[in-house]
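S.K.: next one to model:
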Amino acid sequence: MTTTGVGAAAEDRVFAALANATRREVLRLLRERGPQPVQDLADHFDMRRPSLSEHLRVLREAGLVSEQRSGRQRIYRLEAAPLADVQDWLHPYERFWRDRLKGLGALLDRMPDEDPA
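M.R.: This next block holds a predicted model:
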């Protein structure tokens, strides 16, 4: 992921979309159950359909879902490519914490065991 220009705007949209629990739940539903009509998605939430439509718009603009019309229905599908970009961005932080925890483990291994007596 980039930090300047057009790439940064796209990155910001993805992170903003993922910051909301409802949108993360929509992504989970699409990942687990595959493409779904908007009404099937709406049945999972205690909110008015226009509110869910706003969440779906944010996800679409971030490139995280796509919409296909089938007659009168709109079918939503997960688009996972932007999530790979997020994973790439997070990878150095994962490595950072793994190294820190490995160092902590080594320190604890060098410490003498306490006698519980």
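
S.K.: only C-alpha atoms, please: export stretch 75-87 in PDB.
M.R.: The C-alpha trace of stretch 75-87 is given here as PDB (Å, rounded to 0.1, in the frame of the first residue of the first chain):
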ATOM      1  CA  ILE A  75     -26.500  -9.200  -5.700                       C
ATOM      2  CA  TYR A  76     -23.400  -8.300  -3.600                       C
ATOM      3  CA  ARG A  77     -20.100 -10.200  -3.900                       C
ATOM      4  CA  LEU A  78     -16.900  -9.900  -1.800                       C
ATOM      5  CA  GLU A  79     -13.900  -8.500  -3.600                       C
ATOM      6  CA  ALA A  80     -11.000  -9.600  -1.500                       C
ATOM      7  CA  ALA A  81      -8.100  -7.900  -3.400                       C
ATOM      8  CA  PRO A  82      -8.100  -4.800  -1.200                       C
ATOM      9  CA  LEU A  83      -7.800  -7.000   1.900                       C
ATOM     10  CA  ALA A  84      -4.600  -8.400   0.500                       C
ATOM     11  CA  ASP A  85      -3.300  -4.900   0.400                       C
ATOM     12  CA  VAL A  86      -4.300  -4.400   4.000                       C
ATOM     13  CA  GLN A  87      -2.500  -7.600   4.900                       C
END
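
S.K.: okay, helices next: where are they in this structure?
M.R.: 5-18, 21-33, 38-42, 49-61, 81-110 (DSSP state H).

S.K.: of those, give the one that comes closest to residue 71.
M.R.: helix 38-42 (12.6 Å; CB to CB). To be clear about C-beta, it is placed using only N, CA and C from the backbone, and glycine gets the same treatment.

S.K.: quick check: buried residues in that closest one?
M.R.: Within helix 38-42, the residues scored as buried using 16 or more other CB atoms under 10 Å are 38, 41, 42.

S.K.: fine, thanks again, bye for now.
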